[in-house]
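# no sequence on this one, just coordinates:
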């Protein structure tokens, strides 16, 4: 049976660092992501429970603006694109191309900041807050926690970019890049779920 490329690479990274299995940093990131999956599963469960038990029409309170589906779709496209650029950076450093790692990491960071800016703009024009009804509470809780995770990912990308500029990564030493990439892909997948539930399945 043919080995999975990702598994092969993890083994190569481990061997390069003197180990026989997945690097501890990657195991730690996978465990952290697993805990975050359970955290967001709880938030999604809260959203669906609130929707199922809420009397009347589900959505923003009366007098507020409707959710901006086109803007949310653009933000989704931006975040999905950033997942691709992040992966391009990972592939680049696996080849030992630190210049391309810098380029793709910088682009990914820029897209992440653009996403956060768009989300803040959306908050500013919605016309309702976290205390305005059940919908407002679960909407801001779910999207807000996701936004906080994007911000955390942006901090991680900033650290990776700074280390890349100092030449601290190579084809044999780039576990931090792989770990941040895993987290960024996770954040992307969570947003697709948030977008689908809040904006498409209303």
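Looks like it arrived, so ask away. What you are looking at is a predicted structure, and each value in this text was computed from that prediction instead of being measured. Numbers count the residues shown, from 1 in each chain.

# how many other residues sit next to residue 99?
Residues near residue 99, counting by other Cβ atoms under 10 Å, number 9. Placement of C-beta: from N, CA and C, glycine included.

# Could you pull up the residues touching it?
residue 92 (Cβ atoms under 8 Å, 6 or more residues apart in numbering).

# mind checking how far it is from residue 182?
Remark: distance between residue 99 and residue 182 (Cβ to Cβ, to the nearest Å) = 23 Å.

# Then residue 41?
Taking Cβ to Cβ, one finds residue 41 at 18 Å from residue 182.

# Which of these two has more residues huddled nearby?
A direct count of neighbours by other Cβ under 10 Å for residue 41 and residue 182 places residue 182 higher, at 17 against 11.

# Do I have it right that the more buried one meets residue 33?
Yes. The pair residue 182 / residue 33 is scored as a contact, 6.4 Å apart, by Cβ atoms under 8 Å.

# Out of the helices and strands in the chain, which is least certain?
Scoring the helices and strands of the chain by mean pLDDT, DSSP states H and E places helix 5-16 at the bottom, with a mean of 48.

# quick one: residue 122 and residue 143, what's the gap?
9 Å.

# and if you look at residue 169?
33 Å.

# now swap in residue 37 and tell me
Residue 37 is 18 Å from residue 143, by Cβ to Cβ.

# do residue 113 as well
Going from residue 113 to residue 143 by Cβ to Cβ gives 17 Å.

# out of these two, which sits in the more crowded spot?
More neighbours surround residue 143 than the other of residue 113 and residue 143, with 19 against 16 (other Cβ under 10 Å).

# How many residues are close by residue 42?
The burial count for residue 42: 10, using other Cβ under 10 Å.

# host element of it?
Assigning secondary structure by DSSP states H and E places residue 42 in helix 24-53.

# can you pull the buried residues of that helix?
The neighbour-count check on helix 24-53 (16 or more other Cβ atoms under 10 Å) flags 26, 29, 33, 36, 40, 43, 47, 50-51 as buried.

# Averaged pLDDT, it. What do you get?
Mean per-residue pLDDT for helix 24-53: 94.

# what's the next secondary structure element after it?
Following helix 24-53 in sequence, per DSSP H and E, is helix 69-94.
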